[in-house]
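Novice: here are the coordinates; sequence isn't available:
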């Protein structure tokens, strides 16, 4: 079965910087933007880009993610010849843990699966970023430049470049050097963790890498440097749209708050590039006549009777009369009881902030994660 390009989504990271949000849930399954999950974005991008076969490589706390992503119909990937396939790590005879050893190892363990589709090109994606991107345009760029590997990059402020893997390129955007979190960056082109490889070449490299006991089995540490050392044709594909790595509580909060801008670059209402997700059974949102609402993103099933300012309310959340929610993200099913005040916080799914309780502060440097019920006044 011949496919021009298929995709593999790396969705197995621990997501430990998201703290309690990922204690029992893989990072790509975390909620975002009112009614979505993070994994909806790469999967929708694949569907909108005409990619029919997608492998999702899962690992830690993956039960919910596995069952969710397996519903290919959500993204229109359930017709004949298409599908979303869940690929957990294989058990290793000499393993202490049943895990992928690195990003390249995750692909290596699934060579037989990829071979069964005979792709000419393999698209490799991170499963935990928020963005909209046409991978078909990236593939056209890859072909135009007769590349062996194309890496999507995004310009970042040079002051922040040391936080990323940085691609140094020539005037043709051919990559001449890759630096992982350089102290003195030479450019501001940050890797987005999105790669297109010529599959036959990558396959040979992965087999060699599997046999190398000294390898980290990682694309950034091993595969990309080897390609550069072999003088292969690597090109940077510059992306200029919205992109956010939501790996921390603060960055997840920021990405949600970006939606409050009516002209936000992500634009989840764009009919030309829909982000698909699972339908939620919910009544229409209700805002009482006495409620105070100023600059809010309110989803289906929400009940607002109190004050909501500069905040994002996910499906089926409740703000009771006399409660105040300011500069805050309320995840699905959360409740803020009467008289409670929640400021600069991210309230986790199904958490209740009790009557009269105070959470967060307008002067706090970091966003407060509220992951457990907060006791209110007696």
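Specialist: Yes, it's here. Just so we're clear, the structure is a prediction, and the values are computed from it rather than from any experiment.
Novice: Can you classify residue 105 by secondary structure?
Specialist: helix (DSSP: H, G, I helix; E, B strand; the rest coil).
Novice: name the element the residue nearest to it when sequence neighbours are not counted belongs to?
Specialist: Once its chain neighbours are removed from consideration, residue 105 has its nearest residue in residue 217; the separation is 3.8 Å (CB to CB, 6 or more residues apart in numbering). For every residue, glycine as well, the C-beta is placed using N, CA and C. Residue 217 is located outside every helix and strand, with elements delineated by DSSP states H and E.
Novice: Then residue 203?
Specialist: Following DSSP H and E, one finds residue 203 within helix 199-210.
Novice: After that helix, which helix or strand is next?
Specialist: Downstream of helix 199-210, the first helix or strand assigned by DSSP H and E is helix 224-229.
Novice: Who are the packing partners of that next one?
Specialist: If contacts are counted by 3 or more CB pairs under 8 Å, 6 or more residues apart in numbering; DSSP states H and E, helix 224-229 sits against strand 149-155, strand 175-180, helix 199-210, strand 234-238.
Novice: Nearest to residue 102 among the ones you listed would be which one?
Specialist: Nearest of those to residue 102, taken as CB to CB: helix 199-210 at 9.1 Å.
Novice: Can you pull out the residues in contact with the closest one?
Specialist: Applying CB atoms under 8 Å, 6 or more residues apart in numbering, the set of residues contacting helix 199-210 from outside is 104-105, 107-108, 111, 114-115, 119-122, 148-149, 215, 217, 222-223, 226-227, 232.
Novice: how long is stretch 164-182 from one end to the other?
Specialist: Using CA to CA, to the nearest Å, the span of stretch 164-182 from its first residue to its last is 8 Å.
Novice: Backbone dihedrals for the residue nearest to residue 105, please?
Specialist: Dihedral angles phi and psi of residue 217 (degrees, to the nearest 10) take the values phi 60, psi 50.
Novice: wait, what's in contact with it?
Specialist: Taking CB under 8 Å, 6+ apart, we find residue 217 in contact with 101, 102, 103, 104, 105, 108, 209, 210.
Novice: Would you mind listing the two of those that lie farthest apart?
Specialist: Using CB to CB, the two most remote members of the contacts of residue 217 are 103 and 210, lying 13.3 Å apart.
Novice: rewinding a little: give the buried residues for the helix holding residue 203.
Specialist: 199, 202, 203, 205, 206, 209, 210 (16 or more other CB atoms under 10 Å).
Novice: And for stretch 139-158?
Specialist: For stretch 139-158, burial by neighbour count (16+ other CB under 10 Å) applies to 139, 141-142, 145, 147-154, 156.
Novice: need these in a markdown table with distance to residue 9 and pLDDT, can you?
Specialist: Formatted as a markdown table, the entries for these read as follows, by distance: CB to CB, whole Å; pLDDT from 0 to 100:
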| residue | distance to residue 9 | pLDDT |
| --- | --- | --- |
| 139 | 16 | 98 |
| 141 | 20 | 98 |
| 142 | 18 | 98 |
| 145 | 24 | 98 |
| 147 | 21 | 98 |
| 148 | 22 | 98 |
| 149 | 18 | 98 |
| 150 | 17 | 98 |
| 151 | 16 | 98 |
| 152 | 14 | 98 |
| 153 | 19 | 98 |
| 154 | 18 | 97 |
| 156 | 23 | 94 |
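Novice: from those, which is closest to residue 363?
Specialist: If you rank the buried residues of stretch 139-158 by distance to residue 363 using CB to CB, residue 156 comes first, at 27.9 Å.
Novice: Across the sheet, point out what pairs with the closest residue to the closest one other than its chain neighbours.
Specialist: Sequence neighbours aside, residue 190 is the residue nearest to residue 156 in space, at 4.7 Å (criterion: CB to CB, 6+ apart). Beta-bridge pairing of residue 190 under DSSP bridges involves residue 154, residue 166.
Novice: Run a quick check on residue 190 versus residue 152, I expect a contact.
Specialist: No. Because the distance of 9.8 Å does not satisfy CB atoms under 8 Å, residue 190 is recorded as not touching residue 152.
Novice: residue boundaries of the helices in the stretch 51-200 of the chain?
Specialist: Assigned helices in the stretch 51-200 of the chain, in chain order: 63-69, 103-108, 111-115, 135-144, 199-210 (criterion: DSSP state H, counting those that start in this stretch).
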